[in-house]
Each structure stands twice: as structure tokens, then as C-alpha cells.
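Novice: From the sequence below, what's the structure:
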Amino acid sequence: MITTARRPRWPACRRCPAIAIDLGSARTRAWTAGRHGIIDVPTVTGPDDLAAHPVQRGTIVDPAGTARMLSRLLAHRIPKDAQPVIAFTMPVLSGQQHYTTAVGALQMLRPRTVLALDSVMAIALATGADPFRPLLVIDIGFHLIEVALLADGEIMTARREARGTRDLEDSGPADLVTDITAVVTTMMRDDPLPQFVDALDRGPLLAGGGALRPELVSQLSAQLHAPVQPVPQPHTAAVREAAEALRSAQHHPSLGPHLH
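Specialist: Presented below is the predicted three-dimensional model:
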């Protein structure tokens, strides 16, 4: 995990273009330096009639397919002789295997450096929230729910649930809200940290595609008895913070004048 602590501005490495990536189960979002806007495409390999999903429930299940997809999406945006600095987000509790698999898939882009960020921490920082104060972050993605308690600049405790807005096709929002409430309740029971009370009083941050559904926001607020707050542009918060982290990392002296 990295944060966005500001560093002095050294001359930029001209051959280290910055790329930020949020690789989701349903959508892949990327930001590249020097271009306006965020790339937002389905996380699929192959044409529409043969589309396969290389990421499922927050896990990379097809590393080769993931590599091909990222190469097709981003390779043409990288100068031929460049080595990009890449930051990518990881779902909470992903572990070493996910990191290793993701870094392996990114090798097709010939990176100089690869930085990994916890998605829940990235979401919090993207809002300008103080990560040293207790904060509950809930990320409702298409296939995955992530819940984390942040305090003192780190993740104190976290859970993930293999459900998401995709499951609304089979059940109503009330079922999904009940599942999320159960996750939070279980966390408070298993890890009875005093920061939970302050975080709920402060109001959980809600991100992901689920934050765009008003019925989920209102029902979750009622169930948690807390003022749930959707973050601005909730579906792109993580990749935006990854991009902000790169604005610092790209100027770090370790990337060196020998690459100019």
C-alpha cells in the first residue's frame, strides 16, 4: 500500500509515462498521463460474441487473458522506448497471489516500476478524507463488496463478500443491503474496535457502482443507523487516487536522470 504524501518535485522522467489502473470484475478503468479523461471499458477478452471475463469476484482467473486485454487497451499509448510507471489498485484482502498475478499481467507493458494500492485506502484518499481519523469505507462493485475500517493511516480490519450489484438481477436491493449490514455487524463483533463508533457517527463512505443507486444508499443508511455518504464519482475514485499517487512517484529521484 502507498499513500499520497507529497514529495519535493524533481525533474520528471521523460521516458517513464504514468499509468493508473483499476482492474474490476466488470469494468477496467485507466488513466494515462498527458491525456484527458479516464478510459472505462468492460473487463473482457475477445469479441462480443466470444467475450470471456478474466477477472471474477475480484480475482484474476485468467492471467494471460488479462495481460492481452491490458496490452490491447494501453500498449499503443506508450512510446516505443518508454518504461511506464504503473499504479494499480487491489481489492482489500487480496494477498500476495493476487499481487504477483497482477504484476505478471502488467509485464506486457514493460513497466519501470509497479506500485500497488489498497482500493479502500485509495477511495478514502480520493475524497480528501483524513485517513488518521476513524473511517468506514464500503465499496459496492459489480461482483464484490469490500468493507474496511481505516484509522491511524492504515486498515484496521476489513472484510470482502462475493456479492455485488450484479446480484441485484436475481434479488432486490434489500437483500444486498442486508448482506452489507451483516458484514459490518460481524466485523464489529469479531473485532470490537472503539474506532467503529466514531466511524459510524462520522458516516461511512460509499463507493463503487452501488453508490450510484439511491435506493441502496437510503436503505443502507437506515440499516446502519448512520449517514452513508456516496463519494464524488464513486466508480472512478480508486483510479483517480492511483493517478494522484503517480504524480508524486513519477518525480521520485529513484527513477533517475539516467533515464532522461
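Novice: Spell out which residues make up each domain of this structure.
Specialist: 18-120+237-252, 129-232 (the TED database).
Novice: Columns mean pLDDT and mean neighbour count on top of those, output as a markdown table?
Specialist: Any C-beta I mention is one placed from the backbone N, CA and C, and that applies to glycine too. Formatted as a markdown table, the domains of the chain follow (pLDDT from 0 to 100; neighbours: other Cβ atoms under 10 Å):
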| stretch | mean pLDDT | mean neighbour count |
| --- | --- | --- |
| domain 18-120+237-252 | 89 | 18 |
| domain 129-232 | 93 | 18 |
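Novice: And the strands in the stretch 1-150 of the chain?
Specialist: 18-23, 27-32, 39-42, 55-56, 59-60, 85-90, 113-118, 135-140, 145-151 (DSSP state E, counting those that start in this stretch).
Novice: mind putting these in JSON lines, distance to residue 74 included?
Specialist: What follows is the strands of the stretch 1-150 of the chain, written out as JSON lines (distance: least, Cβ to Cβ, whole Å):
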{"stretch": "strand 18-23", "distance to residue 74": "6"}
{"stretch": "strand 27-32", "distance to residue 74": "6"}
{"stretch": "strand 39-42", "distance to residue 74": "8"}
{"stretch": "strand 55-56", "distance to residue 74": "16"}
{"stretch": "strand 59-60", "distance to residue 74": "16"}
{"stretch": "strand 85-90", "distance to residue 74": "9"}
{"stretch": "strand 113-118", "distance to residue 74": "13"}
{"stretch": "strand 135-140", "distance to residue 74": "24"}
{"stretch": "strand 145-151", "distance to residue 74": "25"}
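Novice: List the contacts of the longest helix anywhere in the chain.
Specialist: Counting by DSSP state H, the longest helix found in the chain is helix 173-190. The contact list for helix 173-190 (Cβ atoms under 8 Å, 6 or more residues apart in numbering) reads 136, 138, 140, 145, 147, 149, 157-159, 161, 163-165, 167-168, 196, 210, 213, 215-216, 219-220, 223-224.
Novice: what do you get if the cut-off is 7 Å, keeping everything else the same?
Specialist: By Cβ atoms under 7 Å, 6 or more residues apart in numbering, the surrounding residues in contact with helix 173-190 are 138, 145, 147, 149, 157, 159, 161, 163, 167-168, 196, 213, 215-216, 219-220, 223-224.
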